[in-house]
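Colleague: Requesting a structural model of the entry that follows:
(one chain, ligands or ions: 1)
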Amino acid sequence: MKTTHYVAREPDAQGHIHYPDAEHAVWQTLVERQLKLLEGRACQEYLDGLDQLALPRERIPQLGEINRVLAATTGWQVERVPALIPFQRFFELLASKRFPVATFIRTPEELDYLQEPDIFHEIFGHCPLLTNPWFAEFTHTYGQLGLAASKEERVYLARLYWMTVEFGLVDTPAGRRIYGGGILSSPKETLYSLSSEPEQQAFDPLERCARVSHRHPAATVLRPAGPAPAVRTGPRGHHGAGPAGHAPGPAPAEVSAEGGVG
Ligand SMILES: [Fe+2]
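Modeller: You can find the predicted model right below:
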């Protein structure tokens, strides 16, 4: 498993996690700059989930606040985990409708890019769509399949996650929108993924997850049923910034079943 210099914060006896003011300030910076970019770029289901979560701007939320909303909408929960966890633990959590959240936040020096999935990425990037019954069901099923999968099959599942939950785009009646949490928690990825810069192709699970051989990850586009013109964004990452590295793996060709995740 990878290593990290970040350490997840522990709760006190009442279950409250105390973050220093400087860490709350990092949260506020991340939230405020990202909120400015979401309208017209994030998919409506994500924006609806963000409304439901009503995340605080000026402080890092407690996991209990997130859990109250998830419990009332889809029955999911977030679970406090260390900065990195193994694949097995990741799939166990998803299979039981628990989403892992490492309770640390990036340093100001890593505001735009870090390898580890921090609390901003997990909560702001992923939790809004976990209020959506369809997406929650997809993630639950994904976890169950992962738990039952072989080491080799988990490599394909890791690619599927990377190209959907982390870097997915979707074509809607209003236009192309983002639903991947890896994009939605990064200002540069948010702008880049919808720009004319990336090459675009249709998302084909077999082609993209089982046969892909290039090094760079790519945002992929889901389309409504019917003939799909070629659409895919990618490769990304050459503009010097990327999303938090997170579950379950790096670029598709680099995915390893032993890879650490968070
Ligand atoms: Fe993630």
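
Colleague: Only C-alpha atoms from now on, for both contacts and neighbour counts.
Modeller: Will do.

Colleague: Which residue comes closest to I66 once chain neighbours are left out?
Modeller: If you skip the residues right next to it in sequence, I66 has L53 as its closest partner in space, 6.6 Å away by CA to CA, 6 or more residues apart in numbering.

Colleague: In this structure the one you found contacts L130, no?
Modeller: No - shown here, L53 and L130 do not form a contact pair, counting by CA atoms under 8 Å, at 10.2 Å.

Colleague: Quick check: which element contains V26?
Modeller: helix 21-38 (DSSP states H and E).

Colleague: now Y19
Modeller: Assigned by DSSP H and E, Y19 falls within no helix or strand.

Colleague: show me what contacts it?
Modeller: Y19 makes contact with R9, I60 under the criterion CA atoms under 8 Å, 6 or more residues apart in numbering.

Colleague: Give me the distance between it and Q62.
Modeller: 10 Å (CA to CA, to the nearest Å).

Colleague: With P173 instead?
Modeller: Going from P173 to Q62 by CA to CA gives 36 Å.

Colleague: okay, the two: which has more neighbours?
Modeller: Between P173 and Q62, counted using other CA atoms under 10 Å, the more crowded position is Q62 (16 against 7).

Colleague: wait, doesn't the more buried one sit right on I17?
Modeller: Yes - using CA under 8 Å, Q62 makes contact with I17 at a distance of 6.9 Å.

Colleague: Show me the shaky parts of the stretch 51-200 of the chain.
Modeller: Within the stretch 51-200 of the chain, the ranges that satisfy pLDDT under 70 run 200.

Colleague: mind listing the strands for it?
Modeller: Listed in chain order, the strands of the stretch 51-200 of the chain (DSSP state E, counting those that start in this stretch) span 77-81, 85-86, 98-102, 168-172, 175-178.

Colleague: which of the ones you listed sits most buried?
Modeller: strand 98-102 (a mean of 25; mean count of other CA atoms under 10 Å).

Colleague: Give the partner strands of it in its sheet and their orientations.
Modeller: The pairing partners recorded for strand 98-102 under DSSP bridges are strand 77-81 (parallel).

Colleague: where does the closest residue to L130 other than its chain neighbours sit relative to Y179, distance-wise?
Modeller: Of all residues not flanking L130 in the chain, A136 sits nearest, at 4.9 Å (CA to CA, 6+ apart). With the distance defined as CA to CA, A136 ends up 13 Å from Y179.

Colleague: And for the residue nearest to I66, the neighbour number?
Modeller: 20.

Colleague: same question, H16
Modeller: 12.

Colleague: Let's verify it: helix, strand, or coil?
Modeller: coil (DSSP: H, G, I helix; E, B strand; the rest coil).

Colleague: Now do the same for it: its pLDDT.
Modeller: Note for H16: predicted pLDDT of 97.

Colleague: That one contacts I60, correct?
Modeller: No - taking contacts as CA under 8 Å, H16 lies outside contact range of I60: 11.5 Å.

Colleague: now the residue positioned nearest the centre of the chain, nearest residue through space, not along the chain?
Modeller: Centrality entry for the chain: nearest residue to the mean C-alpha point is G181, 3.3 Å, by CA atoms, centre = their mean. Leaving aside its chain neighbours, G181 sits nearest to G125 (4.0 Å; criterion: CA to CA, 6+ apart).

Colleague: and stretch 15-24, which residues are buried?
Modeller: Within stretch 15-24, the residues scored as buried using 16 or more other CA atoms under 10 Å are I17, Y19, E23, H24.

Colleague: CSV please, covering those and showing distance to E45.
Modeller: Converted to CSV, these look like this (distance: CA to CA, whole Å):
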residue, distance to E45
I17, 29
Y19, 30
E23, 29
H24, 27
